[in-house]
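J.: starting from these lines, generate the structure:
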Amino acid sequence: MTKVTAQMSVSLDGYYAGPRSPGDPHDMAAFLEGLEGPGFFRVTRWVIDAMAWRERLGYAGGERSVNSEIVEETFAAAGAYVMGRRMFDGGEIPWGEVPPFRAPVFVVTHREREIVRRQGGTSFTFVTDGIERAVALAREAADGRDVAVAGGGTLLRQVLAAGLLDELELHIVPVLLGDGMRLFDGGLGLDAREGIELTPARVIQTPEVTHIRYAIGPRTKLELDDRGADG
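T.: Take a look at the predicted model:
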């Protein structure tokens, strides 16, 4: 059964990158030299050090570890991907002619573009009629495997708010960034008396990062707890 899944590396205080830099959001050089990059690379260091990630991008080295096994497992589960246009624009050149996805990728965007085909089975299809359409196309292309929401954080929040996400895995890195782009800052469409319930399905702890997988539950009404009140 196809699930819609997502994962994100975050700091202990909930940031997945440093503060957003001014200027062109699609300029990779500006990202690397700006404020976002240092926070992003700190919380994703465990991925970059993993042998499975480096092999996927054609690099040598890396550590064969539990973290590497999780990277390998994540790639193996995905039959198609959904991502935001900003992530695509930032990764198009660094990923090169053999991107790590090796599956169809559906890019949510307002700017049309012809399908981009790369070696290794990766294709990028640009979807201009909304997240729901992108997820539906990815489900069709996944051939029974999972649809992975590849990011960034804004798109992940939108998929979650739309009720399309089945599973979320947070990779929590033991660092406090203090400021930056926080994964769950608004954008979920919840009112003051509403929450989204998550059920932990798996927890794997390593010195570099703690991996927590959640099953996404329904929106629920928040109730006052009066159990401590005088009878």
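
J.: could you pull out the strands for the chain?
T.: 4-11, 15-17, 78-84, 104-108, 116-117, 123-127, 146-151, 167-173, 181-182, 194-205, 210-221 (DSSP state E).

J.: and those strands as a markdown table, adding distance to Y59, mean pLDDT and mean neighbour count?
T.: C-beta here means a position set from N, CA and C on the backbone, and glycine is covered the same way. Formatted as a markdown table, these follow (distance: least, CB to CB, whole Å; pLDDT from 0 to 100; neighbours: other CB atoms under 10 Å):
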| stretch | distance to Y59 | mean pLDDT | mean neighbour count |
| --- | --- | --- | --- |
| strand 4-11 | 19 | 98 | 22 |
| strand 15-17 | 22 | 95 | 26 |
| strand 78-84 | 20 | 97 | 23 |
| strand 104-108 | 21 | 98 | 25 |
| strand 116-117 | 22 | 97 | 13 |
| strand 123-127 | 22 | 98 | 19 |
| strand 146-151 | 19 | 95 | 26 |
| strand 167-173 | 20 | 98 | 20 |
| strand 181-182 | 26 | 94 | 18 |
| strand 194-205 | 24 | 96 | 12 |
| strand 210-221 | 22 | 95 | 15 |
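
J.: I'd like those laid out as CSV, including distance to R157.
T.: Formatted as CSV, those follow (distance: least, CB to CB, whole Å):
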stretch, distance to R157
strand 4-11, 10
strand 15-17, 11
strand 78-84, 11
strand 104-108, 12
strand 116-117, 25
strand 123-127, 18
strand 146-151, 10
strand 167-173, 11
strand 181-182, 10
strand 194-205, 11
strand 210-221, 13
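
J.: do you know which of these lies nearest I48?
T.: Closest of those to I48 is strand 4-11, at 10.4 Å (criterion: CB to CB).

J.: lowest average confidence, helix or strand, in this structure?
T.: Within the chain, no helix or strand scores below helix 28-33, which has a mean of 66 by mean pLDDT, DSSP states H and E.

J.: rewinding a little: which among the strands of the chain is found nearest to G96?
T.: strand 116-117 (12.3 Å).

J.: which ones are touching M87?
T.: M87 makes contact with A150, G151, G152, L155 under the criterion CB atoms under 8 Å, 6 or more residues apart in numbering.

J.: how far away is it from G178?
T.: According to CB to CB, to the nearest Å, M87 stands 24 Å off from G178.

J.: repeat that for R157.
T.: The gap separating R157 from G178 is 21 Å, by CB to CB.

J.: for the strands of the chain, which one sits closest to L188?
T.: Proximity to L188, assessed across those by CB to CB, is greatest for strand 194-205 (6.9 Å).

J.: for the closest one, which strands pair with it and how are they oriented?
T.: Each strand paired with strand 194-205, and its direction, by DSSP bridges: strand 210-221 (antiparallel).
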